[in-house]
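In: quick one: sequence plus predicted model below, questions after.
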Amino acid sequence: MLLLAACGTAGESGSYPAGASGDGTVYGLVDQPFDEDSLDVFEEGYSLVSTRYIEAVDLGGLAADGLNGMAAIDPQISAQEDNDHIQVFYDQAQVAEFPIPISDIPEELSEDTYDAIVNLRSVSPALEERQSEAIYAAFFDGMISGLDAYTRYASAERARENRAQREGYGGIGIRIRIFSDAIQVSSVMEETPASRAGLRSDDEITHIDGTPTAGLDLAQAVRLLRGPVGSDVRLTITRSEQPKSFDVDVEREHIIPPTVSYAMRGDIAHFQISRFNQRTAESLKEKLQEMRNEVTPVNGIIVDLRDNPGGLLDQSIDVADIFLTEGVILTTHGRHRDSHQRYVASGVDYADDLPIVVLINDHSASAAEIVGAALQDNARAVVMGTTSFGKGTVQTVFRLPNGSELTLTWSRFFAPSGYVLHGLGILPTICTSDHSRPPATLIDSFDEDSDSVQSIFADWRSSVSISDPHRADLRKICPPYADDDDVDFDLDAATLLLSNKVLFQEAIVTSSSQLASRMAKAK
């Protein structure tokens, strides 16, 4: 089980050359014939949804929806609930019928589901020619179609790629692209086998272990580049300034995609976090140590979470904890007893109490919102930008017997001050929706607006129900800014705020959850 605060999309399965993912799984023929082994997959799926999903579900309805999902393969397939039975049809002729269990018993329902699909395969040529992966994908996509948007199924092949992004994979540490119909290195990750082997951006890879790359798509090239940790891969490289191609032997290592970058803007340290994977918190600590080693004094920190879609829940909690000495970071609540959790800061501020501005926008979601809300509510940072996405649910990833993954929404999370983030998001202390004014003017005007901002925060945090229609109106207070080329606007505004210690402290107080709570009670 793996807790997430973000989601991806399911992909398709297929047959691929040998290799290995970060979890050690061997790439090979992932698709299998549809047979009685499928019973275990259906049973596990039913069991997980019935016991772990955030809301109570009707197993009979799930079965009917799953069988209706077969229409993605053959539109003549349909299913319906009729009193206490499920009827399955092909071209309007009934091919199966079974009772809905009086008690939720996944074993019985999985057997009935399997038998119904076997009957359908006997009359549907399209379904008969499909292997297990396509059937699972159609069934589970249909089964969860009536649940929330963040519950999803990922095929075995897609699940491997998801785990590689979260946990790492056996590789050499490059990103590739197709340029002029050739496989080209777009970037080389620092401190990886590729960087040590001298690979460069714009190098063209003409062969991988002797296999020509001409005509390969990106997915095919990636599969050839990845493999078991400790194994070697030989690349044939063409480089513009060298007359002849040459071979490079590279030993694969466990690669975790970098998510944290760091740069100095004068005396302000800028940390950009692109998403939250297994190494994000540790990477941030390493970058903070680099900051401490700077020759010139550092007078403030920008934590840039713009366009960050989220990721691993535990990493978002660890990142918030890096900056907090005390206080609640997050609470979660769902239907399952294990979903009720409370996370508290451990007591060490790795930023040495430097002032912090957190940048967010409408694409900052989930794990990114956990960090932003924790630092804002605990008066540790000023949040600046536009209202965040408002994805306030936690997903749990379960691996099914066929190697696929079922991601279930399992709980909602609550900001330290108690409000529900789902459907609402984080309100920036300083809104940057209006790019028509210079950053300096925007910052200077905050002093005049602070009283009204305090009132808005009190209203924002008093909205505790996701069904509150007022929440949509609140989100309009700080809407997304129009797309433009001024990507540095928010960075410039944050830098100016950090240089004004008096105004920064006023902004901290203005968005303090304690102050907002007192104002809400006074209404």
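Out: Yes, it's here.
In: which helices and strands sit right next to the longest strand along the chain?
Out: Longest strand in the chain by number of residues, with DSSP state E as the criterion: strand 405-414. Contact analysis of strand 405-414 by 3 or more CB pairs under 8 Å, 6 or more residues apart in numbering; DSSP states H and E lists helix 38-52, strand 152-154, helix 156-167, strand 328-334, strand 393-399 as its packing neighbours. Quick note: C-beta positions are derived from backbone N, CA and C, even for glycine.
In: recalculate using a threshold of 6 Å.
Out: Judged by 3 or more CB pairs under 6 Å, 6 or more residues apart in numbering; DSSP states H and E, strand 405-414 is in contact with helix 38-52, strand 152-154, strand 328-334, strand 393-399.
In: what pairs with the last one, parallel or antiparallel?
Out: Applying DSSP bridges, strand 393-399 is found paired with strand 2-4 (antiparallel), strand 405-414 (antiparallel).
In: and the angle from the longest strand of the chain to helix 156-167?
Out: Angle, strand 405-414 to helix 156-167, by axes from the mean of the first three to the mean of the last three CA atoms, to 10 degrees: 40 degrees.
In: so which helix or strand takes in the closest residue to Tyr153 other than its chain neighbours?
Out: Of all residues not flanking Tyr153 in the chain, Phe140 sits nearest, at 3.7 Å (CB to CB, 6 or more residues apart in numbering). Phe140 belongs to helix 132-143 when assigned by DSSP states H and E.
In: how far does that helix sit from the chain's center?
Out: With CA atoms, centre = their mean, to the nearest Å as the basis, helix 132-143 stands 22 Å off its chain's centre.
In: would you mind pulling the contact partners of that helix?
Out: 13, 31-32, 34, 62, 65-66, 68-70, 72-73, 153, 155 (CB atoms under 6 Å, 6 or more residues apart in numbering).
In: all strands of the stretch 401-523 of the chain, in order?
Out: 405-414, 430-431 (DSSP state E, counting those that start in this stretch).
In: reformat these as TSV; add mean neighbour count.
Out: Output for the strands of the stretch 401-523 of the chain, formatted as TSV (neighbours: other CB atoms under 10 Å):
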stretch	mean neighbour count
strand 405-414	23
strand 430-431	23
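In: can you give me the buried ones in the helix holding Phe140?
Out: 132-143 (16 or more other CB atoms under 10 Å).
In: any idea how many residues pack against Ile178?
Out: Per other CB atoms under 10 Å, the neighbour tally for Ile178 reads 14.
In: measure Val298 to Pro258 for me?
Out: 22 Å (CB to CB, to the nearest Å).
In: which phi and psi values does the spatially closest residue to Asn299 that is not a sequence neighbour adopt?
Out: Sequence neighbours aside, Asp267 is the residue nearest to Asn299 in space, at 4.4 Å (criterion: CB to CB, 6+ apart). Asp267 adopts backbone torsions of phi -100, psi 20, taken as degrees, to the nearest 10.
In: right, and Asp267 touches Ile302 too?
Out: No: Asp267 lies out of contact with Ile302 (CB atoms under 6 Å); the separation is 11.7 Å.
In: these two: who's more crowded?
Out: Ile302 (24 against 14).
In: mean pLDDT lowest where, among the strands paired with strand 393-399?
Out: Per-segment mean pLDDT for those reaches its minimum on strand 2-4, at a mean of 67.
In: re earlier: for the buried residues of helix 132-143, which one is nearest Asp486?
Out: Asp141 (40.7 Å; CB to CB).
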